[in-house]
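K.L.:
Give me a 3D structure for the following:
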Amino acid sequence: MRFPEETGASLDRVWQLIPAPAEGPEVVYAGAEPAALFRSADGVETFELVRGLWDHPHRPRWVPGGGGLGLHTILPAREKEDASALTVAISAGGTYRTQDAGASWQASNEGIEARFLPESYPEYGQCVHKIARDADDPERFYLQNHWGSTGATTAAGAGRTSAPGCRPPSASRSPRTPGAARWRTSSRSTRTPTASPPSAAAASCARRRAGRG
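P.N.:
Model prediction:
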């Protein structure tokens, strides 16, 4: 896995490898640093840079979080009829979605706070730490960012609901309960942007029914 020479970039690390069976049995995506998405169509024998995201006009204004400028979360489609849809998260760049197999990408950050920027709710630039898909509803996502804002959203990026009181470093879906997610929360606050949980003592925080109580 390497960047094309004309990009002038070199691979620092790989943050995530995830198969995309809806696209094909040998399709695998890799999230990398600096903030790049690679796709393999031959079971990780070779990878190709997804240029639609790499050449995005927002890229020059993405900045590294505490762990680097990483594309750390990839959520491919579940169903074959939606195989051209893909969601990724970048720290610190925000959430981006494609509906055309990576040819074009749209920022999907409505309602995600970024207190470190002049505008608290910008189009992009948020320090998103993790996104997880609902156990039952593929159109519902749970998101956690640097400021602890958590919530649920439709795939279109609208309708986020915050989960006050939950300020976790990581989020995950509940594997058995539709409409529910679980987070790990720190017993002390952290101001260091990072995509990794801090070493502080942790407590569990559950938020059921996607912001409905």
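
K.L.:
Look at residue 138 and say how many residues are nearby.
P.N.:
15 (other Cβ atoms under 10 Å). (Glycine included, C-beta is placed from N, CA and C.)

K.L.:
Next one: it from residue 146, what distance?
P.N.:
Residue 138 sits 26 Å away from residue 146, going by Cβ to Cβ, to the nearest Å.

K.L.:
And the next helix or strand past the helix or strand harbouring residue 87?
P.N.:
Using DSSP states H and E, residue 87 maps to strand 86-91. From strand 86-91 onward toward the C-terminus, using DSSP H and E, the following helix or strand is strand 94-98.

K.L.:
Okay, now the sheet partners of that following strand, with direction.
P.N.:
Note on strand 94-98: by DSSP bridges, its sheet partners are strand 86-91 (antiparallel), strand 106-107 (antiparallel).

K.L.:
Just the CA trace of it, in PDB.
P.N.:
Listed next in PDB are the C-alpha coordinates belonging to strand 94-98 (Å, rounded to 0.1, in the frame of the first residue of the first chain):
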ATOM      1  CA  GLY A  94     -15.000  15.300  10.300                       C
ATOM      2  CA  THR A  95     -17.400  12.900   8.700                       C
ATOM      3  CA  TYR A  96     -17.700  12.400   4.900                       C
ATOM      4  CA  ARG A  97     -20.000  10.300   2.800                       C
ATOM      5  CA  THR A  98     -20.100   9.100  -0.800                       C
END
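
K.L.:
for that strand, which positions count as buried?
P.N.:
Buried positions in strand 94-98, judged by neighbour count with 16 or more other Cβ atoms under 10 Å: 94-98.

K.L.:
again, but for stretch 24-40
P.N.:
27-40.

K.L.:
Please identify which of these is nearest to residue 7.
P.N.:
Proximity of these to residue 7, judged by Cβ to Cβ, is greatest for residue 36, which lies at 8.6 Å.
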